[in-house]
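# All I have is the shape, not the residue letters:
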């Protein structure tokens with residue numbers, strides 16, 4: 001028996017007037033998801049407990065079978081693990097977004113224009129951050145603060161803080177707003193709060209003074225498009241401790257994702273992380289490559305594969321409604337390729353399909369609430385005609401109060 005989880009990041013949404021009152025899931029062409037929704041168990045699941053901020057990080061703890069309330073220590077240590085960053089005791093990691101803010105004004109007077117540096121490309125984003133890291137004024141100040149910048153890819157980077165000027169408790173009580181949660185709003189309304197607030201904002205403000213001089217931003221200033229002209233720190237935390245997935249659930253497997261966060265969770269769980277060339281975390285990601293990587297891993301001896309697609313979430317944060325509909329349709333085509341690959345195997349399989357959380361195009365932000373899921377067993381067929389979307393899942397009647405219940409049900413067959 002093979003086991004697969006397929007996650008469309010942020011697919012769940014609310015009805016849209018521009019879609020005739022339908023959600024993106026209802027508007028998109030999803031014949032493959034609809035088929036297994038009719039054949040399997042369709043319902044809703046609360047992936048993030050009440051009182052916990054919704055996000056891929058917090059949702060994936062439950063999806064992978066771990067308790068977010070007792071084991072979650074922050075987002076950035078998970079992403080750092082995927083980048084090979086060792087986080088010793090007493091050190092804190094931060095997600096360091098390369099962002100776009102109003103040009104020509106001090107950071108405190110600017111508006112947050114883009115959480116992704118105007119959708120800066122993977123290699124270009126890394127080059128910009130490496131350049132920033134090499135600027136004497138910036139690198140000298142980081143050394144004085146016992147901080148280190150680790151360039152990643154596109155807009156996703158990591159910064160760490162050592163114990164020289166702080167205690168881990170200082171970072172734990174620091175309140176930082178993710179940049180995708182206040183797009184179009186004033187930075188001054190979302191300043192860091194807590195014991196290390198001044199230090200964190202100082203680093204962001206210093207970067208904002210230096211980054212406009214990068215050739216990429218100079219070119220943008222003379223033409224069209226957003227500059228990648230600031231950084232924003234958030235998602236701080238220390239290294240978490242996981243019971244290995246194979247020990248916890250008795251199966252081994254792989255994780256396929258373009259996103260460092262999901263890769264990091266897989267790595268810390270003891271799962272193999274499969275790299276797919278062309279996987280970007282955007283609408284143009286290599287959907288076929290991800291599907292094929294999952295099937296190769298299963299044919300190669302893995303019992304389990306998780307495939308994650310970030311594109312619907314990114315389109316939501318960009319306010320791109322029709323891009324999100326297209327992302328869902330491409331996701332469904334990938335699902336069909338996975339299902340055909342699984343059908344070619346000489347054994348049965350179970351597949352869990354879900355959105356990890358809601359991401360609203362209207363607000364360009366994550367939202368709390370239950371999301372639709374399907375639990376499909378290749379050896380069973382309920383023979384119903386249903387669609388995979390928020391309304392149909394609610395009407396199906398099965399409502400799980402915790403995502404932690406999903407993996408045991410996947411492995412044991414309901």
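Happy to help now that I have it. Predicted model, so just to flag it, every value in this text is computed and none were measured.

# Worst mean pLDDT across the helices and strands of this structure, which element?
None of the helices or strands of the chain scores lower by mean pLDDT, DSSP states H and E than helix 168-172, at a mean of 69.

# Give me the mean pLDDT for stretch 247-267.
What stretch 247-267 shows for mean pLDDT is 94.

# Need the distance between the two termini of it.
With Cα to Cα, to the nearest Å as the measure, stretch 247-267 spans 14 Å from end to end.

# cool, and stretch 74-86?
So stretch 74-86: terminal residues 15 Å apart, Cα to Cα.

# which is the next helix or strand following the least confident helix or strand of the chain?
Once helix 168-172 ends, the next helix or strand along the chain (criterion: DSSP states H and E) is helix 197-210.

# Strands of the stretch 151-300 of the chain, start to end?
Under the criterion DSSP state E, counting those that start in this stretch, the stretch 151-300 of the chain contains strands at 156-161, 230-237, 253-256, 272-274.

# neighbouring strands for the first one, and are they parallel or not?
Here the strand partners of strand 156-161, with direction, are listed using DSSP bridges: strand 92-101 (antiparallel), strand 147-153 (antiparallel).

# Which stretch among these approaches residue 10 most closely?
Ranking the strands paired with strand 156-161 by proximity to residue 10 (Cβ to Cβ) places strand 92-101 first, at 16.8 Å. For every residue, glycine as well, the C-beta is placed using N, CA and C.

# ok, then the element right after the closest one?
Remark: after strand 92-101, the chain's next helix or strand is strand 112-114, criterion DSSP H and E.

# Quick one: name whatever helix or strand follows that next one.
Note on strand 112-114: by DSSP H and E, the next helix or strand toward the C-terminus is helix 122-133.

# Quick one: list the elements packing against that next one.
strand 92-101, strand 147-153, strand 156-161, helix 215-222 (3 or more Cβ pairs under 8 Å, 6 or more residues apart in numbering; DSSP states H and E).

# Name the residues of the helix or strand just after it that are buried.
Next helix or strand after helix 122-133 toward the C-terminus (DSSP H and E): helix 136-145. Judged by neighbour count (16 or more other Cβ atoms under 10 Å), helix 136-145 contains these buried residues: 138, 142, 145.

# Also stretch 188-195?
Buried residues in stretch 188-195, counting neighbours by 16+ other Cβ under 10 Å, are found at 190-192.

# Look up how far residue 115 lies from the residue positioned nearest the centre of the chain.
A centroid search over the chain (Cα atoms, centre = their mean) returns residue 56, at 4.5 Å, as the residue closest to the centre. Computed as Cβ to Cβ, to the nearest Å, the residue 56 to residue 115 distance reads 13 Å.

# try residue 392
Taking Cβ to Cβ, one finds residue 392 at 31 Å from residue 115.

# cool, residue 276 as well?
Counting by Cβ to Cβ, the separation of residue 276 from residue 115 is 24 Å.

# Comparing these two, which residue is more hemmed in?
Per other Cβ atoms under 10 Å, whichever of residue 276 and residue 115 has more neighbours is residue 115, with 25 against 20.

# what's the distance between the more buried one and residue 65?
Residue 115 sits 29 Å away from residue 65, taking Cβ to Cβ as the criterion.

# ok, the closest residue to residue 245 other than its chain neighbours - contacts?
What sits nearest to residue 245 in space, not counting adjacent residues and going by Cβ to Cβ, 6 or more residues apart in numbering, is residue 269, at 4.2 Å. Counting by Cβ atoms under 8 Å, 6 or more residues apart in numbering, residue 269 makes contact with 64, 242, 244-245.

# List the contacts of stretch 69-80.
Residues contacting stretch 69-80 (Cβ under 8 Å, 6+ apart): 49, 52, 55, 57-58, 61, 87, 92-95, 150, 152, 156, 158, 160, 234-242, 260-261, 263-265, 268.

# Need phi/psi at the residue nearest to residue 291 when sequence neighbours are not counted.
Leaving aside its chain neighbours, residue 291 sits nearest to residue 337 (3.9 Å; criterion: Cβ to Cβ, 6+ apart). Per-residue torsions, residue 337: phi -70, psi -40 (degrees, to the nearest 10).
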